[in-house]
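Visitor: here is my input; please provide its structure:
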Amino acid sequence: MLTCNPQNNGTTLKLSNTARRLPTLKNHCFIIGEAKRANVIWSEGDFLALCEHMLNENPPNHFLTAWLDKGTGQARFAKAPIRGRADKHASWTWSTITGKAKAKTAIGFYPSNPGNKTRWAAIDFDAHNGEHEQARKRSLEAFHLLLQQPQLHLILCASGNGYHLFIYARELYPVGQWIVLLKQVCEWVGVPIADGVCEIFPNERAEAQRTGKGIRAPGVWNPKTSTFSLIEAETVAPLFETLPRTWSLGVGKVTRALPRNNAALSLHRSTNTYFPTTHSGSTEPMVEELLACYPVKQKGTRNSILMQLIGNLAHKFGGEAAERIVKEHYERNRENIRSALDDHLREFATAWGGLRAKIVASLSPEERQKYDELGSEHQREGFLIVRAFAGVAARKGEMDFAIARASLADRLNITPPGATDVIQKLCEVEVIAPTQLYVRHKSPARFCWLLPQCEAKASTAPSREALEGSYQDATLNN
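Guide: Numbering: from 1, shown residues only. This next block holds a predicted model:
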């Protein structure tokens with residue numbers, strides 16, 4: 001199970017000591033009686049969301065391609081070219097699965113990123129020597145073993161030459177932790193990790209490699225056998241509910257409405273450029289106002305303005321959303337910036353981490369205890385944002401405050417169901433308590449803060465106007 005690591009206040013991938021008991025199906029397992037094609041089980045949006053999750057926050061061209069060489073008829077596997085785009089290739093792969101592609105192709109991914117972390121791993125149970133039944137038996141034993149870990153989501157599929165077991169988590173974890181988990185699984189089911197018998201992804205070489213070894217995504221075409229990977233069993237439905245679907249929401253599509261008043265046609269985007277999608281109507285105006293408040297009017301002032309912007313973002317957004325806004329800020333002020341974008345984002349990451357540490361250090365002992373109990377980065381970021389709302393309410397002499405899940409979803413760069421999970425977690429660990437239920441199209445739910453707050457230090461406290469603006473923006477939409 002995922003256990004708390006007191007050394008870094010994070011979580012560690014670890015199988016519980018009771019893992020050999022019969023599964024309890026806590027992760028809503030959906031067992032398929034007969035193996036089926038991916039398009040029978042999932043929608044295109046599901047498949048694209050899964051591929052986006054498997055990209056591991058790598059660059060868009062950091063994925064594996066598979067095809068059949070027309071000249072030799074041989075199967076080919078290679079890392080995507082520098083101009084490759086995972087979202088497009090995933091769509092072409094789906095067209096192959098559904099039989100609509102003119103030329104068959106498949107997509108695969110690498111279980112690592114520049115930070116040596118991954119959201120997923122896989123075990124390949126080979127059956128190259130005709131040991132098909134043995135490979136199937138081992139894969140099913142591993143599947144049933146991992147079923148007892150409700151924080152993990154599984155896909156078991158027939159690969160053409162054996163079976164692939166994919167294991168997914170919502171958050172990124174160090175590659176080393178995944179390797180230990182995979183080795184434990186293989187040991188418990190009695191299969192040696194060796195070429196032609198069983199391979200793990202990531203393997204022990206992955207930590208020292210930039211690219212490492214990739215594996216085809218579940219359900220895709222196999223050019224070696226000219227067959228499709230068939231889904232035997234899966235438990236990913238709860239995961240699909242929380243995944244962002246930016247690859248399938250029409251980002252960048254031309255709007256089809258006819259122009260009014262004889263206005264000229266334009267290829268304008270149907271969404272803003274800093275968030276692939278927003279769930280709250282208040283988010284885009286709030287971000288636009290923020291960007292307008294911090295222009296870089298002359299060269300040499302970028303860093304100081306960036307620090308001011310970060311200070312304003314710290315109590316309004318999580319790190320992922322804040323980084324997107326900072327990147328947009330760079331693009332809009334590029335003509336007065338000498339630094340490269342990579343340097344700009346590196347400075348953001350350093351400053352954001354430092355400010356975040358100061359804010360956490362300012363928590364009261366009771367707040368810090370609850371903060372450390374939270375199991376994911378989104379939950380911890382949600383804690384700090386909601387705490388800022390509570391601080392504004394307290395200064396106004398109000399007993400409770402509103403939390404709109406759509407606004408919180410945008411601030412944390414997650415889906416509304418994911419924001420609901422964060423709110424429910426804060427209630428579960430007794431950080432907040434509901435005082436008024438959500439009324440559809442009328443008012444968001446309201447909550448009270450249950451913990452004593454320390455008086456924030458001047459170096460970490462946002463301005464009264466910034467906090468109040470953050471609170472007001474959060475109450476507009478749910």
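Visitor: when you work out contacts or count neighbours from here on, use the C-alpha atoms and nothing else.
Guide: Noted.
Visitor: the nearest residue to G196 once chain neighbours are set aside: what's it in contact with?
Guide: Ranked by C-alpha to C-alpha, 6 or more residues apart in numbering and with sequence neighbours excluded, the top spatial neighbour of G196 is D126, at 5.8 Å. Residues near D126 by C-alpha atoms under 8 Å, 6 or more residues apart in numbering: H132, A135, N161, G162, Y163, G196, V197, C198, E199.
Visitor: most surrounded residue in those?
Guide: The most crowded member of those, judged by other C-alpha atoms under 10 Å, is Y163 (27 neighbours).
Visitor: S226: which of the contacts of D126 is nearest?
Guide: Of all the contacts of D126, N161 has the smallest distance to S226: 11.4 Å, by C-alpha to C-alpha.
Visitor: grab the nearest non-local neighbour of the closest one.
Guide: Of all residues not flanking N161 in the chain, A127 sits nearest, at 5.4 Å (C-alpha to C-alpha, 6+ apart).
Visitor: just to check, that neighbour is in contact with E199?
Guide: No - assessed by C-alpha atoms under 8 Å, A127 is found out of contact with E199, at 11.6 Å.
Visitor: before we move on, the earlier item: which of the contacts of D126 fall within helices?
Guide: Judged by DSSP state H, the subset of the contacts of D126 located in helices is H132, A135.
Visitor: how is the protein partitioned into domains?
Guide: Domain segmentation of the chain under automatic domain parsing yields 19-246, 283-474.
Visitor: turn those into CSV, including distance to L13 and mean pLDDT.
Guide: Converted to CSV, the domains of the chain look like this (distance: least, C-alpha to C-alpha, whole Å; pLDDT from 0 to 100):
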stretch, distance to L13, mean pLDDT
domain 19-246, 6, 88
domain 283-474, 12, 86
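Visitor: mind putting those domains in CSV, distance to F275 included?
Guide: Listed next are the domains of the chain as CSV, based on distance: least, C-alpha to C-alpha, whole Å:
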stretch, distance to F275
domain 19-246, 9
domain 283-474, 7
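Visitor: out of these, nearest to Y274?
Guide: Y274 sits nearest to domain 283-474 of all the domains of the chain, at 5.7 Å, using C-alpha to C-alpha.
Visitor: quick revisit: quickly note the distance from the residue nearest to G196 to H132.
Guide: Distance of D126 to H132, given as C-alpha to C-alpha, to the nearest Å: 8 Å.
Visitor: between these two, which contacts overlap?
Guide: Both D126 and H132 are contacted by G162, under the criterion C-alpha under 8 Å, 6+ apart.
Visitor: ok, and for the helix or strand where G353 lies, which residues are buried?
Guide: Under the criterion of DSSP states H and E, G353 resides in helix 341-361. For helix 341-361, the neighbour count (16 or more other C-alpha atoms under 10 Å) marks H344, L345, F348, A349, A351, W352, L355, R356, K358, I359 as buried.
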